[in-house]
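> my questions concern the predicted model and sequence given below.
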Amino acid sequence: MRSSCPARRWNGFRRVSQSRCYSSVREQQPPPWRPATALDEWAERQARPISLRQLTFFGRTLTEPRLISSANYVRTELPTRLAHRLRDIQQLPYVVVANPHLSLVYELYYKAFERFRVIPEIQSLDDNDRFCDILRDMLREHLVVIPNLAMGVLECRNLVSPNEMDKFMNTLLRARISRRVIAEQHLALTETFNSPWHFQDSHDRTDLNADFVGEVFLKCKAKQVVERCGRVAQDLMRRTSSTAQLPEIIVQGHLDATFPYILSHLEYIVGELLRNSVQAVVEKYHASPHPPPPIEVLICETPQHVIMRISDQGGGIPQEILPYLWSFSKGPRTQTRLENLGRVPAMAATMQELKVPERKVERESWHEGSLDSLTSRPPNLRLGMGLPMSRVYAEYWAGSLELHSLEGYGVDAFLQICKLGNKNEQVTTRAAMDAV
Ligand SMILES: Nc1ncnc2c1ncn2[C@@H]1O[C@H](COP(=O)(O)OP(=O)(O)O)[C@@H](O)[C@H]1O
Ligand SMILES: [Mg+2]
């Protein structure tokens, strides 16, 4: 029987890095001739990256064989990518892996790896339905991963160098996005395939007028995303500070800028930036008799990019926080962050109630996502990971996120989105990203 103790299982198949390990671990090193484990085999495999464009074109001509081949792609890709991440965790010193939050993540990944690696080839729609149930279970179960990773990384901040911890966190989060993207895309394609209004009797279920191909929203309009996220940020603020005067959000520039993107990713980033701005302005002006200054969002479209500049007059970022803005593992507010993070796993379950109404109209269906739970948390629940995680999301699709703080005045955030029109750039970028 498999041991339920993560540390014991971890010792059993670890390739120990001598310089970083502890004596108790070294004593238990596996003999050099030990047989290769399933994890060894899967960790040898390369991830097969997929681009946003591939996701879109693949789903546009959705036939039964394509759906089945999408299922098999996910079936082999998930255990491969999980194996790589399990290896990453194993590279950490034992004392870090033994942290309860990190070992919980390790256990979840290991369980998912074991579950997916034994699924036989998917050959029929019935097989696919069962496979989708397993996928949904995994997505649900893994909702606790982000807060646990964040807590683990904070608690272990004195055991490993902060830079190494941040690198580890970035790698795991990026890989987590990649797994969720392929899993959610397949679920969305299956949903489209099964929907009665989607050319039920036709062999080729292509719908050239569809706005969504799986999870990819083809007509992501920057202005609408800003307005929608702005309303959510304002509503959340209104709920927690009823007397506050809220800043207006003004959108200017290229108001028609439209591009394909995974909507939940963009909404997460823009949502976090606007939350920060609304909160800073409200805090600065809460005692003022005058209405607070507006938050100004400028949208700029170039042939390859859409750039959004979010400018507020909330007084800028406090000096003591500035050097740690992009770090998951260091900074002056560790204790508060840890306490607040401890409240998130319970929230993730209930936050599904708080869905943005417009999205229900835009989409035929909806399924839960951990981003929504994090996005709808109350503004006073400071987790200190809004900015670093937004940057991970921005960079995932080859974009970038920068902040300029003008002390005493306000903040300008620059979000650059890659419109993904350039095929070469896309291929290299995606390959590099999935290599993590
Ligand atoms: N626009 C802003 N104006 C002033 N301070 C900001 C702004 N954006 C971020 N900050 C500061 O940076 C900190 C970290 O932000 P973030 O990563 O979003 O985490 P959180 O909002 O959960 O604390 C915030 O707590 C706040 O002190
Ligand atoms: Mg924030």
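Happy to help now that I have it. Ligands and ions are numbered 1, 2, ... in the order given.

> show me which residues of this protein sit near ligand 1.
By CB under 6 Å from any ligand atom, the residues of the chain that approach ligand 1 are 272, 276-277, 280, 312, 314, 316-318, 321, 325, 382-387, 411. Quick note: C-beta positions are derived from backbone N, CA and C, even for glycine.

> near ligand 2, from these?
276, 386 (CB under 5 Å from the ion).

> and the residue of the stretch 101-250 of the chain found nearest ligand 2, what are its phi and psi?
Nearest residue of the stretch 101-250 of the chain to ligand 2: residue 233, at 10.0 Å (CB to the ion). The phi/psi pair for residue 233 (degrees, to the nearest 10) reads phi -60, psi -40.

> before we move on, the earlier item: got a PyMOL select line for the buried ones in the residues of the chain next to ligand 1?
Those of those that count as buried under 16 or more other CB atoms under 10 Å are selected in PyMOL with:
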select buried, resi 272+276+277+280+312+314+316+317+382+383+384+385+386+387+411
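
> which residues in the stretch 301-436 of the chain form helices?
334-341, 344-350, 357-362, 370-375, 386-396, 423-434 (DSSP state H, counting those that start in this stretch).

> now for the lengthiest helix in the chain, which elements pack on it?
Using DSSP state H, we find that the single longest helix of the chain is helix 162-194. Packing partners of helix 162-194 (3 or more CB pairs under 8 Å, 6 or more residues apart in numbering; DSSP states H and E): helix 52-60, helix 64-90, helix 125-141, helix 145-155, helix 386-396, helix 423-434.

> chain neighbours aside, what residue packs nearest to residue 169?
residue 328 (4.3 Å; CB to CB, 6 or more residues apart in numbering).

> tell me which residues touch the one you found, please.
Residue 328 makes contact with 150, 153-154, 165-166, 169-170, 385, 388 under the criterion CB atoms under 8 Å, 6 or more residues apart in numbering.

> hmm, 7 Å instead?
150, 153, 165-166, 169, 385, 388 (CB atoms under 7 Å, 6 or more residues apart in numbering).

> separation between it and residue 392?
Going from residue 328 to residue 392 by CB to CB, to the nearest Å gives 10 Å.

> ok, residue 263 next?
17 Å.

> flag whichever of the contacts of residue 328 scores worst on pLDDT.
For the contacts of residue 328, the weakest pLDDT value sits at residue 385, with 84.

> and that one, its phi and psi?
According to degrees, to the nearest 10, residue 385 has phi -130, psi 10.

> next, count neighbours for the residue lying closest to it once chain neighbours are set aside.
In this structure, residue 385 finds its nearest non-sequential neighbour in residue 150, 5.5 Å apart by CB to CB, 6+ apart. Neighbourhood size, residue 150 [other CB atoms under 10 Å]: 25.

> right, and residue 152 touches residue 98 too?
No - using CB atoms under 7 Å, residue 152 is not in contact with residue 98, being 10.3 Å away.

> could I get the helices and strands packed on helix 162-194 as a markdown table with distance to residue 46?
Compiled in a markdown table, these are given as follows (distance: least, CB to CB, whole Å):
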| stretch | distance to residue 46 |
| --- | --- |
| helix 52-60 | 16 |
| helix 64-90 | 8 |
| helix 125-141 | 22 |
| helix 145-155 | 24 |
| helix 386-396 | 19 |
| helix 423-434 | 9 |
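
> return the most buried member of these.
Scoring the helices and strands packed on helix 162-194 by mean neighbour count under mean count of other CB atoms under 10 Å gives helix 145-155 as the most buried, with a mean of 23.

> kindly export that one (C-alpha atoms) in CSV.
Taking only C-alpha atoms (Å, rounded to 0.1, in the frame of the first residue of the first chain), the coordinates of helix 145-155 have been written out as CSV:
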residue,chain,number,x,y,z
VAL,A,145,-3.8,25.1,-4.1
ILE,A,146,-3.1,28.8,-4.4
PRO,A,147,-3.7,29.9,-0.8
ASN,A,148,-1.8,26.8,0.5
LEU,A,149,1.1,27.5,-1.8
ALA,A,150,1.1,31.1,-0.6
MET,A,151,1.0,30.2,3.0
GLY,A,152,3.7,27.5,2.6
VAL,A,153,6.0,29.9,0.8
LEU,A,154,5.6,32.5,3.5
GLU,A,155,6.1,30.1,6.4
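
> model confidence over stretch 334-349, on average?
67.

> start the count at 510 instead of 1 going forward.
Let's use 510 as the start, then, which means that last one is stretch 843-858.

> contacting residues for residue 578?
By CB under 7 Å, 6+ apart, residue 578 has no neighbours at all.

> per-residue confidence at it?
At residue 578, pLDDT is 90.

> cool, the one 3 residues further on as well?
Each residue has a pLDDT score; the one for residue 581 is 95.

> for it, give me its contacts.
By CB under 7 Å, 6+ apart, the neighbours of residue 581 are 630-631.

> swap in residue 914?
Counting by CB under 7 Å, 6+ apart, residue 914 makes contact with 825-826, 831, 920.

> and the least confident of those?
Among the contacts of residue 914, residue 831 has the lowest pLDDT, at 93.

> tell me the phi and psi of residue 737?
Per degrees, to the nearest 10, the backbone of residue 737 is at phi -70, psi -50.

> measure it to residue 760 for me?
Taking CB to CB, one finds residue 737 at 11 Å from residue 760.

> same question, residue 698
To residue 760, residue 698 is 33 Å away according to CB to CB.

> so those two - more neighbours on which side?
Using other CB under 10 Å as the criterion, residue 698 and residue 760 rank with residue 698 on top: 25 against 19.

> which one is the more buried one nearest to, not counting chain neighbours?
Using CB to CB, 6+ apart and skipping residues adjacent in sequence, the residue nearest residue 698 is residue 723, 4.7 Å away.

> what's the answer for residue 664, then?
Of all residues not flanking residue 664 in the chain, residue 608 sits nearest, at 5.6 Å (CB to CB, 6+ apart).

> residues near that neighbour, how many?
Neighbours of residue 608 (other CB under 10 Å): 20.

> just residue 911 next, same as before
Neighbours around residue 911, by other CB under 10 Å: 12.

> so who does the one residue in the stretch 760-909 of the chain that gets nearest to ligand 2 touch?
Proximity of the stretch 760-909 of the chain to ligand 2 (CB to the ion) peaks at residue 895, 3.1 Å away. For residue 895, the contacting residues are 781, 784-785, by CB under 7 Å, 6+ apart.

> secondary structure and pLDDT added to those, as a markdown table?
Shown next, in a markdown table, are those (DSSP: H, G, I helix; E, B strand; the rest coil; pLDDT from 0 to 100):
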| residue | secondary structure | pLDDT |
| --- | --- | --- |
| 781 | helix | 92 |
| 784 | helix | 93 |
| 785 | helix | 95 |
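
> which one of those is nearest residue 612?
Proximity of these to residue 612 (CB to CB) peaks at residue 781, which lies at 28.2 Å.

> need the contact list for the closest one.
For residue 781, the contacting residues are 895-896, 899, by CB under 7 Å, 6+ apart.
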